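Q: Got a predicted structure here, sequence first:
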Amino acid sequence: MKISRGYGRRIDHVDLSVPMPIIDIGVSSPAGIREEIIPLKAIVDSGSSLSLIPAEIIRDLRLEWADHKVTHGYKGSSKEAVYSAVISIDGLGKFYARVMNSYESYALIGVDLMRSLIVKLDGPTETLEIERI
């Protein structure tokens, strides 16, 4: 199964400076503490090594702590908590993932999940295609 989407310029009331590849995902707890699946928007970000989920969702789903990871970004390095989650992508199924806090209202799909996918980012046509391996 393959999904195709156009890029977006807005995500959760945030205007983006450039068009970005945006998909709809669902996040749930792998431990089944809460059976709820929380829907949200995510930017497909090949520059992020791990996927990021809003801190509020991590708290609401009571996602279990899995590890710490030292991250390196434009603001420097920091040690961040990593949590276990299930990320669902419509038409592609469920993926078990390690996620970190996002301080935004949307998620980032990082290279960790892209390793299980064939992702085509077509900048000139502003389209995204994703297929599960």
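A: Looks like it came in fine. Numbers count the residues shown, from 1 in each chain.
Q: my read: residue 43 touches residue 11, true?
A: Yes - under the criterion of Cβ atoms under 8 Å, residue 43 makes contact with residue 11 at 6.7 Å. (Each C-beta comes from the backbone N, C-alpha and C, glycine too.)
Q: what about the two, which has more around it?
A: The neighbour comparison of residue 43 against residue 11 (other Cβ atoms under 10 Å) goes to residue 43, with 21 against 18.
Q: Tell me the spacing between that one and residue 66.
A: As judged by Cβ to Cβ, to the nearest Å, residue 43 and residue 66 stand 23 Å apart.
Q: shaky segments in the protein?
A: 33 (pLDDT under 70).
Q: Strands of that one, residue ranges please.
A: Secondary structure of the chain (DSSP state E): strands at 2-6, 8-11, 14-20, 22-28, 38-44, 51-54, 65-73, 76-89, 93-102, 107-109, 117-122, 127-132.
Q: Just the CA atoms of the last one, as PDB, please.
A: If I follow you right, that is strand 127-132. What follows is strand 127-132, C-alpha atoms only, in PDB (Å, rounded to 0.1, in the frame of the first residue of the first chain):
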ATOM      1  CA  THR A 127       4.400  15.800  -3.000                       C
ATOM      2  CA  LEU A 128       5.100  13.000  -0.600                       C
ATOM      3  CA  GLU A 129       4.800   9.300  -1.300                       C
ATOM      4  CA  ILE A 130       5.200   6.700   1.500                       C
ATOM      5  CA  GLU A 131       5.100   2.900   1.100                       C
ATOM      6  CA  ARG A 132       5.700   0.300   3.800                       C
END
